[in-house]
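Participant: How does the following fold in three dimensions:
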Amino acid sequence: MAVLQQPVVSGNVFAELIGDDLAPAGTYVATVIDVRDEFGVTRQKFQSQEMETVDLTTFLFGFRDAQGYEHRVASRRMKISGNEKSTLFTFLKCLLGRAPQYGWDYMAVKGAQCLLTVEHVTKRDGTGVFAGIAALSPVPAGFAGMVGQASGASGQATIGAAVAPRPAAVAPVTAGPAAPPYPTTVRPMAPRPVVQSSTLLRVDDPIPF
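Facilitator: Prediction:
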């Protein structure tokens, strides 16, 4: 008997925006372009054969390289959990430079800038590599007048400068829903209380994964 099974969602939720582009490895001043939540996702439990239903969130960052080409890179999909050992809590702590407050809507970081280190990670099936986030931190105070510069393996580029055209072989970053332009000034990432939000950081989930 053939039974129709509910699909298990996996993969990058921002794949349609990133396309085939492989962001270059290095450290850059990046902007949080978008944050996407998924609710009621069925997935396999960590180090277990059992399945679970969880709420997940993913962050999308954008930056320009030394040649002025735009790139986008997404975080891993993280369980929405306020546990101090959870991936999301640690991620937000690195992004803010301090622990996030409970009851704070992390959607407030959209449009904020940070230092983002990109690394190339080998895919599990060994078919190639993808751009992952190795580290991130707030933009240092001394960078206030330099925001827009990105430091990578090949030098520096100014985000406010004219953008060079992307290579024809690379999917344009404008594919999919339009994203807000990168800001040219540092925006504060201080928590702002938001009432009745579906993305509030909560502490009622003891499972860190």
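Participant: CA only for contacts and neighbour counts going forward, please
Facilitator: OK.
Participant: thinking Arg77 is in contact with Thr58, fair?
Facilitator: Yes. Counting by CA atoms under 8 Å, Arg77 touches Thr58, with 4.9 Å between them.
Participant: Return the residues in contact with the nearest residue to Gln113 once chain neighbours are set aside.
Facilitator: Ranked by CA to CA, 6 or more residues apart in numbering and with sequence neighbours excluded, the top spatial neighbour of Gln113 is Thr31, at 4.4 Å. Counting by CA atoms under 8 Å, 6 or more residues apart in numbering, Thr31 touches 61-63, 110-114, 182-183.
Participant: One more pass at 7 Å, please.
Facilitator: Residues in contact with Thr31 (CA atoms under 7 Å, 6 or more residues apart in numbering) are 61-63, 111-114, 182.
Participant: What of Leu95?
Facilitator: Shown in contact with Leu95 (CA under 7 Å, 6+ apart): 114, 136-138.
Participant: Quick check: it is in a helix.
Facilitator: Yes. With DSSP: H, G, I helix; E, B strand; the rest coil as the criterion, Leu95 is part of a helix.
Participant: pLDDT at it, what is it?
Facilitator: Each residue has a pLDDT score; the one for Leu95 is 95.
Participant: Then Ala66?
Facilitator: Ala66 is assigned 88 on the pLDDT scale.
Participant: mean confidence for the lengthiest strand in the chain?
Facilitator: Criterion DSSP state E: the longest strand present in the chain is strand 26-44. Strand 26-44 comes out with an average pLDDT of 94.
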